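Undergrad: make a model of this:
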Amino acid sequence: LYLCAAHKAPQECNAISYIFHTLDGAASFLNNDKLFPNRSSILESSAPKLPSIARRVYRIFAHSYFHHRTVFEEFEKRTHLCQRFHAFSVQFDAVPQNMLVIPSSALSS
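TA: Numbering: from 1, shown residues only. Take a look at the predicted model:
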């Protein structure tokens, strides 16, 4: 079970519910016109919330890598999504290095 912050008080959710809640919450946050009035800049007040969202999204990648390796590898081979998210996370220091647990060798090149 994962401690899910999508509820008024954090509660435990199974992996698939955690994934749905995390992606729904991230999409709602990023599509909020009050927090992101345009697509070319980020309000100073919105920026501190981004690392928390990035860590949660990275947990989804890590779960899929460690628990569904074949699916992860096939998907990553086609999309390079984790590789791109990893690069974004490193470039903008969105996820701490010690939390980037998927080996570089698993990321498509």
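
Undergrad: can you list contacts of stretch 19-31?
TA: Residues from elsewhere that reach stretch 19-31 (C-beta atoms under 8 Å, 6 or more residues apart in numbering): 4-7, 13, 35-36, 49, 53, 56-57, 59-60, 63. Quick note: C-beta positions are derived from backbone N, CA and C, even for glycine.

Undergrad: in the top helix by length along the chain, which residues are buried?
TA: Longest helix in the chain by number of residues (criterion: DSSP state H): helix 50-67. Under the neighbour-count criterion of 16 or more other C-beta atoms under 10 Å, helix 50-67 has Ile53, Ala54, Arg56, Val57, Tyr58, Arg59, Ile60, Phe61, Ala62, His63, Ser64, Tyr65 buried.

Undergrad: would you mind giving the residues you listed as JSON lines with distance to His86 added?
TA: Conversion of the buried residues of helix 50-67 to JSON lines gives the following (distance: C-beta to C-beta, whole Å):
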{"residue": "Ile53", "distance to His86": "15"}
{"residue": "Ala54", "distance to His86": "11"}
{"residue": "Arg56", "distance to His86": "15"}
{"residue": "Val57", "distance to His86": "11"}
{"residue": "Tyr58", "distance to His86": "8"}
{"residue": "Arg59", "distance to His86": "13"}
{"residue": "Ile60", "distance to His86": "13"}
{"residue": "Phe61", "distance to His86": "8"}
{"residue": "Ala62", "distance to His86": "11"}
{"residue": "His63", "distance to His86": "15"}
{"residue": "Ser64", "distance to His86": "13"}
{"residue": "Tyr65", "distance to His86": "11"}
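
Undergrad: hey, where'd the strands end up in this structure?
TA: For the chain, the strands defined by DSSP state E cover 2-4, 11-13.

Undergrad: average model confidence for the first one?
TA: Here strand 2-4 scores 90 as its mean pLDDT.

Undergrad: what packs against that strand?
TA: strand 11-13, helix 15-30 (3 or more C-beta pairs under 8 Å, 6 or more residues apart in numbering; DSSP states H and E).

Undergrad: kind regards, and thank you for your time.
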